[in-house]
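In: okay, predicted coordinates and the sequence, questions at the end:
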Amino acid sequence: MGKAGLIRIAVILAAVLALEIACRTGAVPPSAVVPPSAMLASVYEILTTGEIAHDLRLTLTAVVIATIIAIVGGFFAGLIIHGLPRLRRTLAPLLAAYYAIPHLAFYPLLIVVFGLGLGPLIVLASLLGIMAMIIATLDGLDHVPRVLLRTAAVLRLNRWSEMMLVRLPAAFPHLLSGIKLAFSYAFIGVVAGEFILSTAGLGHAISFAYDNFQNRRMYGLILIAIGLVTLVNTTLLVGERRLLTRRGMR
Amino acid sequence: MRSNEAIQPSVLLRWGDGLLVLLAIIASWQALALWGGSDVMTTPIETVRHAVQLTGQSRFWPHFRETATAYSVAAIVAVLGGLLMGIALGAHRLTGEVFEPIFVALYSIPKVTLYPVVLLLFGLGIEAKIAFGAMHGIIPVTIFTLNAVRQVNRTWLRAGRAMGLSPAQSILHIVVPATIPEIVSGIRIGLSLALLGTMLGELFASKRGLGFLLMSAIDVHDVRTIMAIALLISIFAWAMNAAMLAIDRRLHQRI
């Protein structure tokens, strides 16, 4: 680890320590922030008692379903759009504006359409994630090195083999970042939806703890949510790095 | 303007494409509304009519003002704060290396879970919405500015010094023109995210603003109002993004 990395860890530790001291001395009131040590203890309690298991299962179910819809739907939509340049040009303004629109404003409408439950959450989360996957697929297919395509032509691969043996493997690193984004967006969509209006789930548990002044529990749940995302992101990132190293791209 | 004639057809084509997308969206919206019925969704025309009617009512404007104020302040804080932090971190290499990964990590965590913390720190008023919107917007502005400043070609700065430019002159004539296109890209994303953050703040535990109108419309199952407000917000977000994108493209073309 370089010098910058060490300083970074020192800065983060110092910030956590400063927060701990500020909380313990009462400079920050416990009604606003609980000390980091109490947050960690709360995470431990929540996880060992298993009380959050039900909410967590619901949230993860919605996230997994939405991520799969976003990845599969986004991948095939990307393939189709890539194959039809005219369609792609037409859709360009939509692709550019898609993430500028705050999709959460549509969550109330989704509740009206699908009722409270997993339905609106999954739709919201898939809608958020799918465009990231479409864009990643387009990007990946755009950046297949020309020499590989020429080799495929020399070997007289048909379109199917060319796609399966050359284009998709070459586009895979881009697809992987699409998968990473699709997951992040799906998670944000589900938790945000649960948080705003729902009857169960991790986001609901956080907002319930907030409403009932259970600060310790609330901070523990927030740490669990952030930890979960970080865990999945880090796993995907490590996989991505390993892949790129194997291909000599780093 | 020699290039004008070359650009015009493509601009026309872009407008045509935009129109096609718009028509497709309206058509599928109409189909969905007819299929679902008025309990679920209002048709495009009804929605526009209700949006116009809504903006004519006096009860609408205090909420609009609340949202507009919260968003404007959040956007200003995000842009100015992001610029300052980005410049400070970009100008000093080690500081930038230390803090950039922290900002990238903050970018990817689900900030929505942090909203209760913001509420506890800032209270239940407009301040919390502003803080949350600014939190969302400031990160991309910082990251883009940091990278733009860091990547200013050192040779240009040395050339400037050789020509006897004062520090102020080299900032004005070298650093600003070299970094502006990237910074504008960051601001565009920051403005969109600040809107998302402000809206999130209004949808949760808020007593005023367009987000509050949305939430209270759910309680009484007022689909027309939900659709009309969602439409207004989307149009605003789209228009802002389109304007920023146009500036962005122009700046990037210049190089």
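Out: Everything's here; your move.
In: quick one: what helix or strand has residue 221 in it?
Out: In the absence of a named chain, this looks at chain A. Take DSSP states H and E as the rule and A:L221 turns out to sit in helix A:215-246.
In: B:I130: what's it in contact with?
Out: In this structure, B:I130 makes contact with B:A70, B:V73, B:A74, B:V77, B:F122, B:T198, judged by C-beta atoms under 8 Å, 6 or more residues apart in numbering or on different chains. (Each C-beta comes from the backbone N, C-alpha and C, glycine too.)
In: ditto for A:T137
Out: For A:T137, the set of contacting residues under the criterion of C-beta under 8 Å, 6+ apart consists of A:G74, A:F75, A:A77, A:G78, A:L79, A:H82, A:A171, A:H174, A:L175, A:G178.
In: how much space separates the nearest residue to the fourth one once chain neighbours are set aside from chain B?
Out: Spatial nearest neighbour of A:G78, excluding adjacent residues (C-beta to C-beta, 6 or more residues apart in numbering or on different chains): A:T137 at 2.6 Å. With the distance defined as C-beta to the nearest C-beta, to the nearest Å, A:T137 ends up 19 Å from chain B.
In: now the host helix or strand of A:T137: buried residues?
Out: Secondary-structure assignment from DSSP H and E places A:T137 in helix A:118-142. By neighbour count with 16 or more other C-beta atoms under 10 Å in any protein chain shown, helix A:118-142 contains the buried residues A:118, A:120-141.
In: mind giving me the domain split of the chain?
Out: I went with chain A, as the question did not name one. Per the record's domain assignment (automatic domain parsing), chain A is made up of the domains A:1-31, A:34-246.
In: ah, I was thinking of chain B
Out: Following automatic domain parsing, one gets these domains for chain B: B:1-36, B:51-254.
In: got the contact list for the closest residue to B:T43 other than its chain neighbours?
Out: When the adjacent residues along the chain are set aside, B:T43 lies closest to B:A33, with 4.3 Å between them (C-beta to C-beta, 6+ apart). B:A33 sits next to B:V40, B:M41, B:T42, B:T43, B:P44, B:E46 when contact means C-beta under 8 Å, 6+ apart.
In: can you pick out the most distant pair from the residues you listed?
Out: Among the contacts of B:A33, the pair separated by the greatest distance (C-beta to C-beta) is B:V40 and B:P44, at 14.3 Å.
In: ok, back up a step: nearest to chain A, out of the contacts of B:I130: which one, please.
Out: Comparing those against chain A with C-beta to the nearest C-beta places B:T198 closest, at 8.5 Å.
In: who are the packing partners of whichever helix or strand that closest one is part of?
Out: Using DSSP H and E, B:T198 sits within helix B:176-203. Helix B:176-203 sits against helix A:168-196, helix B:60-91, helix B:115-122, helix B:126-150, helix B:210-219, helix B:223-254, with contacts defined as 3 or more C-beta pairs under 8 Å, 6 or more residues apart in numbering or on different chains; DSSP states H and E.
In: what angle sits between the last one and helix B:210-219?
Out: Same thing as helix B:223-254. 150 degrees (axes from the mean of the first three to the mean of the last three C-alpha atoms, to 10 degrees).
In: where does pLDDT dip in chain A?
Out: A:1, A:248-250 (pLDDT under 70).
In: most centrally placed residue in it?
Out: Most central in chain A under C-alpha atoms, centre = their mean is A:S184, positioned 0.7 Å from the mean C-alpha point.
In: assess the claim that that residue and A:N233 are in contact.
Out: Yes. Using C-beta atoms under 8 Å, A:S184 makes contact with A:N233 at a distance of 6.8 Å.
In: list the residues that contact both of those two?
Out: Overlap between the neighbourhoods of A:S184 and A:N233 consists of B:S108, taking contacts as C-beta under 8 Å, 6+ apart.
In: returning to that earlier point: just the buried ones from the contacts of B:A33, in ChimeraX syntax?
Out: Selecting just the buried residues from the contacts of B:A33 in ChimeraX takes one command, with 16+ other C-beta under 10 Å as the test:
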select /B:41,42,43,44,46
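In: just the contacts of B:A33: which are in helices?
Out: When those are checked against helices using DSSP state H, the ones located there are B:P44, B:E46.
In: ok, of the contacts of B:A33, which one's closest to chain A?
Out: Top of the list for closeness to chain A, among the contacts of B:A33 and by C-beta to the nearest C-beta, is B:V40 at 5.1 Å.
In: tally of neighbours for the residue nearest to that closest one when sequence neighbours are not counted?
Out: Sequence neighbours aside, A:V113 is the residue nearest to B:V40 in space, at 5.1 Å (criterion: C-beta to C-beta, 6+ apart). Taking other C-beta atoms under 10 Å in any protein chain shown as the criterion, the count of residues near A:V113 is 17.
In: so what's A:V113 up against?
Out: With contacts defined as C-beta under 8 Å, 6+ apart, the neighbours of A:V113 are A:P120, B:G36, B:V40, B:M41.
In: tell me the pLDDT at the residue of chain B positioned farthest from its centre?
Out: The outermost residue of chain B, judged by C-alpha distance from the chain's mean C-alpha position using C-alpha atoms, centre = their mean, is B:A162 at 40.2 Å. Confidence at B:A162, expressed as pLDDT, is 91.
In: tell me how far it lies from B:L20.
Out: 53 Å (C-beta to C-beta, to the nearest Å).
In: over to B:I233?
Out: As judged by C-beta to C-beta, B:I233 and B:L20 stand 23 Å apart.
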